[in-house]
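*Asks:* missing the sequence, but the structure's below:
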């Protein structure tokens with residue numbers, strides 16, 4: 001996933017902030033996600049108008065949420081960080097705090113994105129066809145077996161599904177549609193993150 005031009009422009013509005021304010025806002029957003037700290041508001045921390053604080057908070061929350069989903073330093077993280085139009089001092093600080101909070105952010109944001117649902121991995125498949133039968137008039141239909149693991153909170157379940165070609169084709173079409181919608185749905189979750197936490 002690559003940062004959209006609109007997202008980059010929104011984040012660029014943080015550039016006029018002085019370094020100290022930028023650091024406080026980023027730290028506040030990270031604390032909000034990781035610790036769910038709501039005892040104080042950003043307006044109280046910065047001693048500024050609530051509407052200005054809310055605008056800064058939403059932008060930095062969006063920024064931290066986007067990069068927090070990735071493992072620090074992985075390919076997607078590095079490729080997206082280049083698009084940020086922030087001063088070198090702000091970028092350096094942002095990288096430092098993201099690195100020190102990387103594991104907690106990734107864990108928390110991955111949970112929010114998945115809504116606590118298990119995810120699958122290690123997909124294997126087998127295609128079976130019956131080549132002989134005592135019932136001469138019985139229609140020969142191929143069967144497809146899918147085997148995969150479902151993982152949730154380090155618990156793993158092994159699943160085996162048997163399907164015919166028609167159901168498998170329907171599932172493929174549904175998954176293709178899902179993949180096409182994936183980016184926009186992720187963006188919606190990021191936008192709603194402030195309301196969810």
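*Replies:* Done, it's in. Predicted, not measured: the structure shown is a model, and the values here were computed from it.
*Asks:* show the model's pLDDT score for residue 185.
*Replies:* Reading off the per-residue confidence, residue 185 sits at a pLDDT of 57.
*Asks:* and residue 114, by the same measure?
*Replies:* Per-residue confidence for residue 114 comes out at a pLDDT of 49.
*Asks:* ok, the one 10 residues further on next?
*Replies:* Per-residue confidence (pLDDT) for residue 124: 86.
*Asks:* wait, it sits on residue 147?
*Replies:* Yes - shown here, residue 124 and residue 147 form a contact pair, counting by Cβ atoms under 8 Å, at 4.6 Å. In this view, the C-beta of every residue, glycine as well, is placed from N, C-alpha and C.
*Asks:* look at these two and report which has more neighbours.
*Replies:* Neighbours were counted for residue 124 and for residue 147 using other Cβ atoms under 10 Å; residue 147 has more, 13 against 10.
*Asks:* what are the pairing partners of the host helix or strand of that one, and which direction each?
*Replies:* When elements are defined using DSSP states H and E, residue 147 is found to belong to strand 143-152. For strand 143-152, the paired strands and their directions (DSSP bridges) read strand 119-128 (antiparallel), strand 155-163 (antiparallel).
*Asks:* so which of those strands comes closest to residue 14?
*Replies:* strand 119-128 (32.8 Å; Cβ to Cβ).
*Asks:* Provide the contact partners of the closest one at residue level.
*Replies:* Counting contacts by Cβ atoms under 8 Å, 6 or more residues apart in numbering, the residues outside strand 119-128 that touch it are 142, 143, 144, 145, 146, 147, 148, 149, 150, 151, 152, 159.
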